[in-house]
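Chemist: quick one: sequence plus predicted model below, questions after.
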Amino acid sequence: MEHNPDRLSIWPGYFNAKISRRQGRRVPKDASVIKPDLEGLFLAARKVGLRKIKREEGTNHPRRPHAGEGRLWVSRVGSKQSIGANSKEEILQLIGGEWRQMQRDLKEAQADREERGPQTGDRRARSQRKGSNRQSNKEPSKKKSFKKRGFKN
């Protein structure tokens, strides 16, 4: 692929909360996410306001050849016009902050859904819930020793 100075390459590994800066994370911890993937990166970039984006799936970062994470190509001029970011680091921090917020909202929604319980008509979820309640409400049985039951050692 020929060099284009207008394009920026953004890899999901730049946002991985489980690796250090030395290992390849490019954003602060508060803008990093757990288990970054290309789809989440694309959605976060769209939500930030970037419009000139190209997804390239199945490509490997040179320092992480085993990952197969893919990358985004972002237009430098387009990002300056749409979100006002001058540098790649600004773009990365904006995307990382938005992506982290998206993950936090998703986690809260899932916890809220679990707290409310299954919806009316969802028989599978209701039966699983009943089964789990039955076990938690059941008191542990008190086992008798051999001598109390009349057995001899």
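Modeler: That came through fine.
Chemist: okay, helices next: where are they in this protein?
Modeler: With DSSP state H as the criterion, the chain has helices at 38-48, 76-82, 88-116, 123-137, 146-149.
Chemist: out of those, which is closest to residue 29?
Modeler: Closest to residue 29 of the helices of the chain, according to Cβ to Cβ: helix 88-116, at 9.6 Å. C-beta coordinates here come from the backbone N, C-alpha and C atoms, glycine included.
Chemist: next, the buried residues of that closest one.
Modeler: 88, 91-100, 103 (16 or more other Cβ atoms under 10 Å).
Chemist: and for stretch 42-62?
Modeler: By neighbour count with 16+ other Cβ under 10 Å, stretch 42-62 contains the buried residues 42, 44-45, 48, 50, 53, 61.
Chemist: go on, stretch 20-34?
Modeler: Quick answer for stretch 20-34 (16+ other Cβ under 10 Å): 25-27, 31-33.
Chemist: likewise for stretch 2-19?
Modeler: Neighbour-count burial for stretch 2-19, counted by 16+ other Cβ under 10 Å, picks out 7-8, 10-17.
Chemist: okay if I get those as a markdown table plus pLDDT and distance to residue 113?
Modeler: Below are those laid out as a markdown table (pLDDT from 0 to 100; distance: Cβ to Cβ, whole Å):
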| residue | pLDDT | distance to residue 113 |
| --- | --- | --- |
| 7 | 90 | 40 |
| 8 | 91 | 37 |
| 10 | 93 | 31 |
| 11 | 92 | 32 |
| 12 | 91 | 26 |
| 13 | 90 | 30 |
| 14 | 92 | 31 |
| 15 | 94 | 26 |
| 16 | 92 | 27 |
| 17 | 92 | 24 |
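Chemist: of those, closest to residue 38?
Modeler: Looking across the buried residues of stretch 2-19 and measuring by Cβ to Cβ, the closest to residue 38 is residue 12, at 5.7 Å.
Chemist: ok, for that closest one, nearest residue in space, not its chain neighbours?
Modeler: residue 36 (3.9 Å; Cβ to Cβ, 6 or more residues apart in numbering).
Chemist: state the distance from that neighbour to residue 91.
Modeler: Between residue 36 and residue 91 the distance is 15 Å, computed by Cβ to Cβ, to the nearest Å.
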